[in-house]
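In: below are the sequence and a predicted model for it; my questions follow.
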Amino acid sequence: MSLKKIRAFLDAEHVYYTVRGHPLAYTSPRVAAVAHVPGRELAKVVIVWIDGRMAMAVLPSTQHIDLEHLRELAGAKEVRLAHEEEFATRFPRCELGAMPPFGNLYGMKVYVAEALTHDEDISFNACTHTEIMTLAYSDFERLVHPKVLGFGEPTLV
């Protein structure tokens, strides 16, 4: 899925969004800093396996994923991080680690950390390590239908 296709999807749904360039950055805290976005609003996508099915766990850049808590809240038997080689080809035309949180467009269930629902907007990598997309969280929720759970834990600095 390319940024062009994501734009077409959002345009078809009459969603207002912005795409902004920023200096090259690979980690979500760095992206937040160089893009001048509050870390709590910048979503990072973590690819996980939940009971043998690949899924997206989406959480603020200021948090890390608590896999055991996600397992409990999702009612799953097993949750583990996916290895890059397991999902590298799943996101064509997206740089590895810059996948947008539209699991619905990739046939994946999306779990969102509850903390992301507190702000009006959500920002995330737009298929590259040099662009972010921002839209209203309410539009994201309406289009993606994520399962909201409290699986994020504050990252200690």
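Out: Now that the structure is in, tell me what you want to look at.
In: tell me if Thr117 really is in a helix.
Out: Yes. Counting by DSSP: H, G, I helix; E, B strand; the rest coil, Thr117 is found in a helix.
In: show me what contacts the residue lying farthest from the centre of the chain?
Out: Farthest-out residue of the chain from its mean C-alpha position, per C-alpha atoms, centre = their mean: Lys77, at 23.1 Å. When contacts are counted by C-beta atoms under 8 Å, 6 or more residues apart in numbering, Lys77 touches 51, 71. Yep, even glycine has a C-beta here, placed from its N, CA and C like the rest.
In: helix, strand or coil: sort out it for me.
Out: coil.
In: repeat for Phe140
Out: Of the three states, Phe140 takes helix under three-state DSSP.
In: and Glu95, by the same measure?
Out: Strictly by three-state DSSP, Glu95 counts as coil.
In: how close does the residue farthest from the centre of the chain get to Arg71?
Out: 8 Å (C-beta to C-beta, to the nearest Å).
In: what does Lys4 give?
Out: Remark: distance between Lys4 and Arg71 (C-beta to C-beta) = 36 Å.
In: which of these two has more residues huddled nearby?
Out: Set Lys4 next to Arg71 and count neighbours by other C-beta atoms under 10 Å: Arg71 wins out with 18 against 10.
In: so which other helices or strands are in contact with the helix or strand bottoming out on mean pLDDT in the chain?
Out: Of all helical and strand segments in the chain, the minimum by mean pLDDT, DSSP states H and E falls on strand 152-154, at a mean of 82. For strand 152-154, the packing partners by 3 or more C-beta pairs under 8 Å, 6 or more residues apart in numbering; DSSP states H and E come out as strand 63-65.
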